[in-house]
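Novice: Could you look at this predicted model? Sequence included:
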Amino acid sequence: MERSQEYENTAWASPVCDAQEPRLAAAISGRRLPCFGRARPKKIAEGVGSLNVRSMTGRSREVADLMKRRKINILCVQDTRWRGNKAIDNWEMGTSSFFSRANKEGREGVGVVLNAEWKKHMVNVNRCSNRVMSIKLMYGKVTINIISAYAPQVGCSIEEKEDFWEQMDAQITWMGEEERIILGGDLNGHVGRNRNIIERTHGGWGVGERNEESENVVDFAVAFDMAILNTFYKKQENQMWTYCSAGRKSQIDLLMCRRNNLKEIKNFKVINGESVAPQHRLIVIDFEMKEERRGRQQQTSRIKWWMLKDQELKAEFKIKVLDRMVEAEDPDTWWTTSSRHIIEIGEEVCGKTSGKDPSPPRIRNLGVE
């Protein structure tokens, strides 16, 4: 009995091993080693995708569930086939907001779906046509433009194709150079694996051969320095096809971004097996970016107007201004002449800063009674 009590007092809860030692913190650096104090880049969006849904009728709940399962924050959809313009807030049980544009006949149609978090950052919706629309998002100081596009098919007229690409050009033109652009759409052009003279826009990891419709896609990408993200990531061939039907395969669903922002794109993937669109496959990118820091502002010299708190300088400034003041019948002429004299006298009496310190110290006590 005494021996059993002794064991109870000295027994270990678990065998003595290195498991009892304190563990290292979770790895947060790129080399999978503990790193304390290093700030990670601010991840703005987990996923942006594009999908040709071949009609949104009866599929809205499936699309909302797809975004939730695949962790997609922003989804560009094409061929919605809904009539007129749509702006549905708290779409499908409050998970997403849907914005679309289509004609009165319910043909073609494009849209953008935002989850609840990104809906708060939307500032503008531009419904250009039933084939092109864009949404502008403001995340802090970063501006992100999401474009959803649906190019005319092979059998459409040349005029319709030219109108589409003119609308695309207009969409990019009014966007600032510092703004991010992510284009997702069914462009009906197979860019292939051949890079030729488009190394900057084509990554070289395409599939198949280029067709005639791809010339417009390539010309658009080269003109606006856009990177075709499908071609910048090495994948197996069965993970590159975005359209499969009746034994035919092609890579017509594309995602693009500005070439200068390519480093912010972390991955591109084609997801198979989604029942929402059996022919077209979902394409998704993961991107992260840091808010741009404001550069050092250019400093210029300024007149020390605060020196007029000194009564002697103030009296001197007043006398010189009155002496040089002239009369003129035209008010504009009088103001132009007088303002020039005031600035010249202020620089003479008060002096100017060196320009090195943008915020000169205030003079609290000039010692003047």
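Specialist: Sure, I can see it. Predicted model, so just to flag it, every value in this text is computed and none were measured.
Novice: for the stretch 151-300 of the chain, which spans come out with low pLDDT?
Specialist: Residue ranges of the stretch 151-300 of the chain with pLDDT under 70: 197, 290-299.
Novice: mind redoing it with 80?
Specialist: Along the stretch 151-300 of the chain, segments meeting pLDDT under 80 span 194-198, 289-300.
Novice: Helix, strand or coil: sort out E327 for me.
Specialist: When classified by DSSP: H, G, I helix; E, B strand; the rest coil, E327 comes out as coil.
Novice: Grab the nearest non-local neighbour of it.
Specialist: Closest residue to E327 apart from its sequence neighbours, by C-beta to C-beta, 6 or more residues apart in numbering: W334 at 7.2 Å. In this view, the C-beta of every residue, glycine as well, is placed from N, C-alpha and C.
Novice: ok, now which ones touch the one you found?
Specialist: 326-328 (C-beta atoms under 8 Å, 6 or more residues apart in numbering).
Novice: of those residues, closest to I144?
Specialist: For these, the residue nearest I144 by C-beta to C-beta is A328; the value is 52.7 Å.
Novice: What is the neighbour count of that closest one?
Specialist: Here the number of neighbours of A328 (other C-beta atoms under 10 Å) works out to 12.
Novice: Ok, the one 10 residues further on next?
Specialist: Counted with other C-beta under 10 Å, the burial measure for S338 works out to 15 neighbours.
Novice: same check, this time on E209
Specialist: Neighbours of E209 (other C-beta under 10 Å): 11.
Novice: and what of F232?
Specialist: Counted with other C-beta under 10 Å, the neighbours of F232 add up to 18.
Novice: now the one 5 residues further on
Specialist: A count of neighbours around E237, defined by other C-beta under 10 Å, yields 10.
Novice: which residues touch it?
Specialist: E237 is in contact with V207, counting by C-beta under 8 Å, 6+ apart.
Novice: Out of the contacts of W334, which is nearest to D286?
Specialist: Closest to D286, out of all of these and judged by C-beta to C-beta, is A328, at 66.3 Å.
Novice: residues contacting the closest one?
Specialist: 334, 337.
Novice: Check the gap between Y243 and W335 for me.
Specialist: 67 Å (C-beta to C-beta, to the nearest Å).
Novice: which of the two has more neighbours?
Specialist: The neighbour comparison of Y243 against W335 (other C-beta under 10 Å) goes to Y243, with 18 against 11.
Novice: was I right about the more buried one contacting L254?
Specialist: No: when contacts are counted by C-beta atoms under 8 Å, Y243 is not listed as touching L254 (11.0 Å).
Novice: What segments of the protein are helices?
Specialist: Secondary structure of the chain (DSSP state H): helices at 2-10, 60-70, 91-94, 116-119, 158-173, 214-223, 311-324, 331-350.
Novice: Quick one: closest of those to L282.
Specialist: helix 60-70 (7.2 Å).
Novice: ok so, going back, quick one: which of the contacts of W334 is nearest A227?
Specialist: Proximity of the contacts of W334 to A227, judged by C-beta to C-beta, is greatest for A328, which lies at 59.9 Å.
Novice: Can you list phi and psi of the closest one for me?
Specialist: For A328, the backbone dihedrals (degrees, to the nearest 10) come out as phi -150, psi 140.
Novice: Need the pLDDT of it.
Specialist: If you check A328, the pLDDT there is 75.
Novice: ok, so what distance separates it from V218?
Specialist: 63 Å.
Novice: And for K104?
Specialist: Counting by C-beta to C-beta, the gap from K104 to V218 is 33 Å.
Novice: again with E264
Specialist: For E264, the distance to V218 - C-beta to C-beta - is 23 Å.
Novice: And the strands in the stretch 151-300 of the chain?
Specialist: 180-186, 226-228, 243-245, 248-250, 253-258, 265-271, 282-287 (DSSP state E, counting those that start in this stretch).
Novice: From S214, how far out is the spatially closest residue to S275 that is not a sequence neighbour?
Specialist: Setting aside the residues directly before and after it, S275 is nearest to E62 in space (C-beta to C-beta, 6+ apart), at 7.1 Å. According to C-beta to C-beta, E62 and S214 sit 31 Å apart.
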